[in-house]
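Undergrad: next one to model:
(one chain, ligands or ions: 1)
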Amino acid sequence: MGAAAYFSPTIAFGAENLRWWQKNPVYQIYPKSFLDTNGSGTGDLQGIIKKLDYIKSLGACAIWLTPIYPSPMVDNGYDIANYTDIDPRFGNMDDFDELIAESRKRGIKIVMDLVFNHSSDQHSWFLESKSSKTNPKADWYIWRDEKTNWRGIFGGSAWEFCEERQQYYLHTFAKQQPDLNWENPEVRKALYDAANFWLDKGVGGFRIDAIVYIKKPSKIADGKPDMPDGMCSVHNMIANTPGILDFLHEFRREVFDGHDIFTVGEANSVKSEDLSKWVGKNGVFDMLFEFNHSNVMFNNGDEVWHHSKPIRLSELKKALSDSQKSTKNLWYPIYFENHDKPRSVNNFFVSGTDKKLAAKALAIVLFSLRGTPFIYQGEEIGLDNTKFDSISDYDDISSHGNYKLAREEGLSDKEAMKFVQKFSRDNARTPMQWNSEKNAGFTSGKAWLPVHSDFKACNVEIEEKNPDSVLNFYRKLSKLRNSSEILLNGEYEELYPENEEIYMFSRSLGEKKLIITVNFTTHDVKLPISGGKKVIGNYADEKNYLRATEAAIYEF
Ligand code: NOJ
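TA: As a prediction, the model looks like this:
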């Protein structure tokens, strides 16, 4: 096997029928932690504008922004107080228009996050709704005289009592995130109007939050307790309630149809065999984040951190393969990280793994599966998990919920903290590491969340200068995928699915074939193929076996 150039002439150009968002990766930004230009300690839109060329260097066709709307920030923007404005922490509408215009110049579209299952309890709709049982918005949220035994996703009851109305309201997430009542046509219209407002501004698409929860069962009743605290998980009670797709088809007709945009729904626990009802021509969205591989450490619907189990590679591979198979004639968003997950080099590899090799190995998978790669800020420089000593150092609301439940179930502070450190969403939310200067170049003020302690060793400036860095590896893979018809659109087939050490799959188109191999262990393993030409890998040289965490693409 001799090393080949990155752009093999045998890989033909093609895949003309693919849309713009299928050919290049999407870059996800968590604005609070990206780049602060005014010393407030919080990232802002001007910071994103400053880094557009950097994002372009990764080949990105779009930027997905997590919510930038006015918000009390109980859940960092996923509690929205006004759907058609910008939170002053991030800037104003002029900054947003400038971001759209500057991105457009570089061929990048801006994708907004629509959080339509719930609003903030400070949204004027909710303030009105809670004021009486007779106001015009009385029915805009889910109000009941009795509560059920449902447990909210961030812990505690999913119902909160409201003194003014002497009734309970439902909140799938935090109590400051009341669920909107989609059964009310006025609510649906108000939400569609908000989405259309952003389309008129020229956005290139939407990521639609927590969409599986919008439809509630017609009879809201107690469920079989499935949580140790005697409650039952709200997720199991309301996710994918029959009839949900009727709402979503209306959403599609009223908002998405007729625009050159892409949509990606966040749909925890939609089964891979059901994907065709959700995506593509006969579905609603272009792509769906369905969580099958990213929740492989949890048992069905139970995302409690201290109930997690070690990942079995065969299960992870099966989840990825099932999604690949069920989107064979559809499309898939490939991701290993986002703002809700720990860093992937910690999450998917055993401890003791070399982090840089791991980052490159997963990057190979990210760019070689069939679908659009989603890169989460910092993933492209191989950032790993942070570690705070005390629960009070964590900002993330779900870290607090998980810690509390762990303590209630008898874990010591030390035991509970181990799980928080492993799974906290703050792992992915520490400020972006731009250089070795104060606060990693993120802010001249006090960063809202402490910068990772390794920032002097791992940052964009250092990686720019090193041709072998994770960052430059991402750039090479992005170009390789964009110019490879097989990577763009070839068929996927998993090889050796029962092997617990390596992930191996092929992508093929006619006679042409690529084989992708990743060793998930920290020891040498046998390479069960021979004769291919190495296209790219995370080790410079080649052996006829795979070394620790070695990953490569071979051409046949
Ligand atoms: C999913 C978002 O990604 C997450 O950050 C948020 O906490 C919940 N939905 C609630 O909106």
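Undergrad: and the residue of the stretch 251-400 of the chain nearest the ligand?
TA: Asp340 (4.7 Å; C-beta to the nearest ligand atom). C-beta here means a position set from N, CA and C on the backbone, and glycine is covered the same way.
Undergrad: which ones are touching the residue nearest to that residue when sequence neighbours are not counted?
TA: Leaving aside its chain neighbours, Asp340 sits nearest to Arg425 (5.3 Å; criterion: C-beta to C-beta, 6 or more residues apart in numbering). Taking C-beta atoms under 8 Å, 6 or more residues apart in numbering, we find Arg425 in contact with His339, Asp340, Lys341, Pro342, Asp396, Ser398, Ser399.
Undergrad: ditto for Ser103
TA: Leu52, Ile63, Lys109, Ile110.
Undergrad: and the residue nearest to the third one when sequence neighbours are not counted, how many neighbours?
TA: By that I understand Lys109. Nearest residue to Lys109, sequence neighbours excluded (C-beta to C-beta, 6+ apart): Gly204, at 2.3 Å. Look at Gly204: counted by other C-beta atoms under 10 Å, it has 24 neighbours.
Undergrad: one more: Lys422?
TA: 17.
Undergrad: ok, it touching Asp384?
TA: No - at 11.8 Å, Lys422 does not count as touching Asp384 under the criterion of C-beta atoms under 8 Å.
Undergrad: and for these two, which residues touch both?
TA: Asn346.
Undergrad: rewinding a little: if I read this right, the residue of the stretch 251-400 of the chain closest to the ligand contacts Asp426, doesn't it?
TA: No - with contact defined as C-beta under 8 Å, Asp340 does not count as touching Asp426 (10.8 Å).
Undergrad: quick check: mean pLDDT across stretch 274-286?
TA: The average pLDDT for stretch 274-286 rounds to 95.
Undergrad: what is the end-to-end distance of that stretch?
TA: One end of stretch 274-286 sits 14 Å from the other (C-alpha to C-alpha, to the nearest Å).
Undergrad: residues in contact with that stretch: which ones?
TA: 21, 205, 208, 245, 248-249, 251-252, 256, 262-265, 267, 270, 287-288, 290, 323, 326-327, 329-331.
Undergrad: show me which residues of that stretch are buried.
TA: Neighbour counts over stretch 274-286 (16 or more other C-beta atoms under 10 Å) mark Asp274, Leu275, Ser276, Trp278, Val279, Gly280, Gly283, Val284, Phe285, Asp286 as buried.
Undergrad: about what we covered before: redo the contacts of Arg425 as CSV? Include neighbour count and distance to Tyr554.
TA: Listed next are those as CSV, based on neighbours: other C-beta atoms under 10 Å; distance: C-beta to C-beta, whole Å:
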residue, neighbour count, distance to Tyr554
His339, 22, 34
Asp340, 18, 34
Lys341, 18, 29
Pro342, 21, 30
Asp396, 22, 40
Ser398, 22, 41
Ser399, 24, 41
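Undergrad: just the ones of those residues in strands?
TA: Among the contacts of Arg425, no residue falls in strands (DSSP state E).
Undergrad: dump these to CSV, plus pLDDT.
TA: Output for the contacts of Arg425, formatted as CSV (pLDDT from 0 to 100):
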residue, pLDDT
His339, 98
Asp340, 98
Lys341, 97
Pro342, 98
Asp396, 97
Ser398, 96
Ser399, 98
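Undergrad: still on that earlier bit, in PyMOL, select just the buried ones from the contacts of stretch 274-286.
TA: Buried subset of the contacts of stretch 274-286, written as a PyMOL selection, criterion 16+ other C-beta under 10 Å:
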select buried, resi 21+205+208+245+248+251+256+262+263+264+265+267+270+287+288+290+323+326+327+330+331
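Undergrad: now do the contacts for Phe247.
TA: Phe247 neighbours (C-beta under 8 Å, 6+ apart): Trp182, Arg188, Ile214, Lys215.
Undergrad: what's the single longest helix in the protein?
TA: Counting by DSSP state H, the longest helix found in the chain is helix 185-200.
Undergrad: if we can go back for a sec, and the two most separated of the contacts of Ser103?
TA: Maximum pairwise distance in the contacts of Ser103, criterion C-beta to C-beta, is 11.8 Å, between Leu52 and Lys109.
Undergrad: measure Phe473 to Phe367 for me?
TA: Distance from Phe473 to Phe367, counting by C-beta to C-beta, to the nearest Å: 10 Å.
Undergrad: which one of the two is surrounded by more residues?
TA: Phe367 (26 against 23).
Undergrad: element containing the more buried one, please.
TA: helix 355-368 (DSSP states H and E).
Undergrad: again with Glu128
TA: Judged by DSSP H and E, Glu128 forms part of helix 124-131.
Undergrad: pLDDT (mean, whole number) over that helix?
TA: Mean predicted confidence for helix 124-131 is 98.
Undergrad: direction included, what does whichever helix or strand comes after it pair against?
TA: Next along the chain after helix 124-131, taking DSSP H and E as the criterion, comes strand 143-144. Here strand 143-144 has these sheet partners by DSSP bridges: strand 167-170 (antiparallel).
Undergrad: show me where the stretch 201-350 of the chain has strands.
TA: Secondary structure of the stretch 201-350 of the chain (DSSP state E, counting those that start in this stretch): strands located at 205-208, 232-233, 262-266, 287-289, 333-334.
Undergrad: give me every residue in the stretch 101-250 of the chain lying close to the ligand.
TA: Val115, Phe173, Asp209, Ala210 (C-beta under 6 Å from any ligand atom).
Undergrad: make that the chain, sorry
TA: So far as C-beta under 6 Å from any ligand atom goes, the chain lies against the ligand at Asp75, Tyr78, Val115, Phe173, Asp209, Ala210, Glu266, His339, Asp340.
Undergrad: pretty sure the first one sits in a strand.
TA: Think Asp75. No - assessed with DSSP: H, G, I helix; E, B strand; the rest coil, Asp75 is coil; it does not lie in a strand.
Undergrad: and the closest residue to Thr517 other than its chain neighbours, what helix or strand is that in?
TA: Excluding the flanking residues, the one nearest Thr517 by C-beta to C-beta, 6+ apart is Met504, at 4.8 Å. Counting by DSSP H and E, the element that carries Met504 is strand 502-509.
Undergrad: tell me the angle of that strand relative to helix 355-368?
TA: Here strand 502-509 runs at an angle of 30 degrees relative to helix 355-368 (axes from the mean of the first three to the mean of the last three C-alpha atoms, to 10 degrees).
Undergrad: partner strands of strand 502-509, with direction?
TA: Strand pairing (DSSP bridges) places strand 502-509 next to strand 491-495 (antiparallel), strand 512-519 (antiparallel).
Undergrad: export the ones you listed to JSON lines and tack on mean pLDDT and mean neighbour count?
TA: Shown next, in JSON lines, are those (pLDDT from 0 to 100; neighbours: other C-beta atoms under 10 Å):
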{"stretch": "strand 491-495", "mean pLDDT": "98", "mean neighbour count": "17"}
{"stretch": "strand 512-519", "mean pLDDT": "98", "mean neighbour count": "22"}
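Undergrad: do you know which of these lies nearest Leu527?
TA: Ranking the strands paired with strand 502-509 by proximity to Leu527 (C-beta to C-beta) places strand 512-519 first, at 6.7 Å.
Undergrad: appreciated, that's everything.
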